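[1] take this sequence and fold it.
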Amino acid sequence: MVKIQEITNKRIWESMVLARPEANFLQSWNWGEFHKSLGHKIFRVGFYDEINLVGIMLSIVEKAKRGTYLTVPGGPLINWENNEISSEFKKVIIEIAKKNNCSFVRVRPQIFDTAENSKLFSDLGFVNAPMHLHAELSNILDITKTEEELMANMRKATRYEIKQAQKIGIKITTSDLAKDISDFYDLQMETAKRQGFVPFSKKFLEEQFKIFLADNECVLYTAWMGETKLAQAMVIFYGQEADYHYGASSEDGRKFPGAYLIQWEAIKEAKRRGLKRYNFWGVAPEGEKSHRFYGVSVFKRGFGGEDVAYLHARDLVLNWPRYLLNYLIEFFRKLTRHV
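    Residues are numbered from 1 along each chain as shown. Coordinates of the predicted model:
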């Protein structure tokens, strides 16, 4: 018999997450702490088979002008082949959502986009979400190979840009100071204005960096040409995976290959930490040149990774009238933002 129990012990939580090879930071203890720092209600529950912890789930109550809903990012981390556990998963998210006046639950599980997994969620009563929940199509690089093998497997142009960056004297610095996120925020604002996307708030970036930094799980990289800042990237190192979570660049960064050298240095750091893969985070589908992130996707794919498609976000609807309003807003937002 499967039992559900709240988990309040960080050590117990992290030992379970880190034991799951598919996991990334989206179900980590610190991702929950980050959302708490933003004022969000979070719920950490464990799935117990008799006395053994066999799965976990972090869920977050999100409040927006269009309504309140519950999200489960990159989770839950459970055995999906166990019907009893998946049934209990549905029961507990309905219970949490109703207690918090949520109109629906959005789940983006850390499982692959297959017909079998799609049917699994359809059978549980979920429908396709109009919008993604975190990266669903990612480019992931196997970094268990040697540096020589990694370099050889890159696109020729990418390999050239890295070597060119080293040749012309571009320097990469790293920071573990939370105050430096203010500079990253400013560069992100510049990038957002140039590329036409909605930037994250300063608090959003500062809190995330500060919380992961406390456990040595986050690094801010900066590429310099002399005194000129070219590009920056925030990389999270967690479990078996490093994640290129956020990036920004200056106008000068478009002239010099600093961003390429940042990624190479981050990949080497991930290898030093004994991680197995480097996740370049979201990419646009191959060939979709109208997609807002087409250009950066070409950049990411140049490092030799493979595209991995996770199951598209699924919604469990609890209040159809309120959900339909949210659906229409997100549907048209996706069209106008070209994502």
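
[2] tell me which residues touch Leu220, please.
    Thr174, Ser175, Asp176, Asp180, Ile181, Phe184, Phe209, Gln232, Ala233, Met234 (C-beta atoms under 8 Å, 6 or more residues apart in numbering). C-beta: built from backbone N, CA, C; applies to glycine.

[3] bridged to it, which residues?
    Ser175, Met234 (DSSP bridges).

[4] ok, so what distance separates it from Ile93?
    Leu220 is 34 Å from Ile93, where distance means C-beta to C-beta, to the nearest Å.

[5] still on that earlier bit, filter the contacts of Leu220 down to the buried ones and hand me the PyMOL line.
    Here is the PyMOL selection string for the buried members of the contacts of Leu220, based on 16 or more other C-beta atoms under 10 Å:
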select buried, resi 175+180+181+184+209+232+233+234
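
[6] single out whichever of the contacts of Leu220 has the smallest pLDDT.
    Least confident of these in the model: Asp176, at 84.

[7] pLDDT at the nearest residue in space to it that is not next to it in sequence, what is it?
    In space, and not counting its chain neighbours, Asp176 is closest to Leu213: 5.9 Å by C-beta to C-beta, 6 or more residues apart in numbering. pLDDT, Leu213: 95.

[8] what about the strands in the stretch 151-300 of the chain?
    With strands called from DSSP state E, counting those that start in this stretch, the stretch 151-300 of the chain shows them at 171-175, 218-225, 228-238, 241-249, 277-282.

[9] now distance to Lys255 too, for the ones you listed, in CSV please.
    Converted to CSV, those look like this (distance: least, C-beta to C-beta, whole Å):
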stretch, distance to Lys255
strand 171-175, 16
strand 218-225, 9
strand 228-238, 8
strand 241-249, 10
strand 277-282, 22
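
[10] mind checking which of the ones you listed is nearest Gln164?
    strand 218-225 (11.9 Å; C-beta to C-beta).

[11] got the angle for the closest one vs strand 171-175?
    Inter-element angle recorded for strand 218-225 and strand 171-175: 150 degrees (by axes from the mean of the first three to the mean of the last three C-alpha atoms, to 10 degrees).

[12] and strand 218-225, what's its mean pLDDT?
    97.

[13] what do you get for stretch 49-57?
    For stretch 49-57, the per-residue pLDDT averages 94.

[14] now swap in stretch 126-133 and tell me
    Averaged over stretch 126-133, pLDDT sits at 94.

[15] which of the residues in it are buried?
    Buried residues in stretch 126-133, counted by 16+ other C-beta under 10 Å: Phe126, Ala129, Pro130, Met131, His132, Leu133.

[16] domain parsing of this protein, as residue ranges.
    By the assignment in automatic domain parsing, the chain contains the domains 2-134+311-337, 137-309.

[17] check the offset of the longest one from the chain's centre.
    For domain 137-309, the gap between its own C-alpha mean and the chain's C-alpha mean amounts to 13 Å (C-alpha atoms, centre = their mean, to the nearest Å).

[18] same question for stretch 35-48.
    Using C-alpha atoms, centre = their mean, the offset of stretch 35-48 from its chain centre is 17 Å.

[19] show me what counts as buried in that stretch.
    So stretch 35-48, judged by 16+ other C-beta under 10 Å, has buried residues His35, Lys41, Phe43, Arg44, Val45, Gly46, Phe47, Tyr48.

[20] can you list contacts of that stretch?
    For stretch 35-48, with C-beta under 8 Å, 6+ apart as the criterion, the contacting residues are 2-8, 12-13, 16, 29, 32, 53-63, 76, 78, 85, 88-89, 92, 96, 100, 203-204, 207, 211.

[21] repeat that with 6 Å
    2-7, 32, 53-61, 78, 85, 92, 96, 207 (C-beta atoms under 6 Å, 6 or more residues apart in numbering).

[22] what's the closest of the strands of the stretch 151-300 of the chain to Phe112?
    Across the strands of the stretch 151-300 of the chain, closest to Phe112 is strand 277-282 (C-beta to C-beta), at 14.4 Å.

[23] tell me which strands the closest one pairs with, and in which orientation.
    The strands beside strand 277-282 in its sheet (DSSP bridges) come out as strand 137-142 (antiparallel), strand 241-249 (parallel).

[24] let me see the mean pLDDT of the shortest one.
    It refers to strand 137-142. 98.

[25] buried residues in it?
    In strand 137-142, counting by 16+ other C-beta under 10 Å, buried: Leu137, Ser138, Asn139, Ile140, Leu141.

[26] okay but the first one is in contact with Val308, surely?
    Just to be clear, that refers to Leu137. No. With contacts counted by C-beta atoms under 6 Å, Leu137 stays clear of Val308, the gap being 7.5 Å.

[27] for Glu6, name its beta-bridge partners.
    Val45.

[28] just the C-alphas of stretch 296-311, formatted as PDB.
    Taking C-alpha atoms only, stretch 296-311 is exported to PDB below (Å, rounded to 0.1, in the frame of the first residue of the first chain):
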ATOM      1  CA  VAL A 296      20.600  30.500 -29.900                       C
ATOM      2  CA  SER A 297      19.500  26.900 -30.700                       C
ATOM      3  CA  VAL A 298      22.000  26.800 -33.600                       C
ATOM      4  CA  PHE A 299      24.700  28.000 -31.100                       C
ATOM      5  CA  LYS A 300      23.800  25.300 -28.500                       C
ATOM      6  CA  ARG A 301      23.600  22.500 -31.000                       C
ATOM      7  CA  GLY A 302      27.100  23.300 -32.300                       C
ATOM      8  CA  PHE A 303      28.700  21.700 -29.200                       C
ATOM      9  CA  GLY A 304      27.800  18.200 -30.300                       C
ATOM     10  CA  GLY A 305      24.900  17.300 -28.000                       C
ATOM     11  CA  GLU A 306      21.700  15.500 -28.800                       C
ATOM     12  CA  ASP A 307      18.200  16.800 -28.700                       C
ATOM     13  CA  VAL A 308      16.100  15.200 -25.900                       C
ATOM     14  CA  ALA A 309      12.300  15.600 -25.900                       C
ATOM     15  CA  TYR A 310      10.600  15.400 -22.600                       C
ATOM     16  CA  LEU A 311       6.800  14.900 -22.500                       C
END
